[in-house]
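1. Fold the following.
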Amino acid sequence: MRKALILAIATLAGLAACAQFPELDAAVSPEAATAPPPELVPVEQILARAALDDTEASEETEAALQARAAALRARADWLRRE
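-> The predicted structure is shown next:
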């Protein structure tokens, strides 16, 4: 009985893996589908470049980010109550 249950679960999981998701296929533009993969660089190189960039976000950008964060927190609270 237990073997039959495991076989049934494995069969259903295998069938689910064969499903096609056209929404996901349509989400990628033809240009992105044929584009070369991005170049992978060591994280140290990225951090060094970020350390050299001493520019700061403008007050407008910072205010926009704070507002977006507050909206996301409010949405998360609302979703938790649902």
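2. Dump the C-alpha coordinates for the helix or strand bottoming out on mean pLDDT in the chain into CSV.
-> Taking mean pLDDT, DSSP states H and E as the measure, the helix or strand of the chain with the lowest value is helix 22-27, at a mean of 74. Backbone C-alpha positions of helix 22-27 (Å, rounded to 0.1, in the frame of the first residue of the first chain) are rendered in CSV as follows:
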residue,chain,number,x,y,z
PRO,A,22,2.8,30.1,-21.8
GLU,A,23,2.6,33.2,-19.5
LEU,A,24,6.2,32.7,-18.5
ASP,A,25,7.4,32.1,-22.1
ALA,A,26,5.6,35.3,-23.2
ALA,A,27,7.2,37.3,-20.4
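3. May I see the buried residues of it?
-> When neighbours are counted by 16 or more other CB atoms under 10 Å, no buried residue of helix 22-27 is found. Backbone N, C-alpha and C define where each C-beta goes, glycine included.
4. average model confidence for the helix or strand just after that helix?
-> Sequence-wise, the next helix or strand downstream of helix 22-27 (DSSP states H and E) is helix 30-34. When pLDDT is averaged along helix 30-34, the result is 87.
5. List the contacts of residue 30.
-> When the contact criterion is CB atoms under 8 Å, 6 or more residues apart in numbering, residue 30 has no partners at all.
6. and the gap between it and residue 58?
-> When CB to CB, to the nearest Å is applied, the distance between residue 30 and residue 58 equals 36 Å.
7. How about residue 45?
-> Counting by CB to CB, the gap between residue 45 and residue 58 amounts to 27 Å.
8. Please identify the buried residues of the helix or strand containing residue 3?
-> Using DSSP H and E, residue 3 sits in helix 2-17. Neighbour counts using 16+ other CB under 10 Å place no residue of helix 2-17 among the buried ones.
9. Tell me how far that helix lies from the chain's centre.
-> Relative to the chain's own centre, helix 2-17 is displaced by 29 Å; criterion: CA atoms, centre = their mean, to the nearest Å.
10. Would you tell me which helix is longest in the protein?
-> Secondary structure assigned by DSSP state H gives helix 59-81 as the longest helix of the chain.
11. Give me the residues contacting it.
-> Residues from elsewhere that reach helix 59-81, judged by CB under 8 Å, 6+ apart: residue 57.
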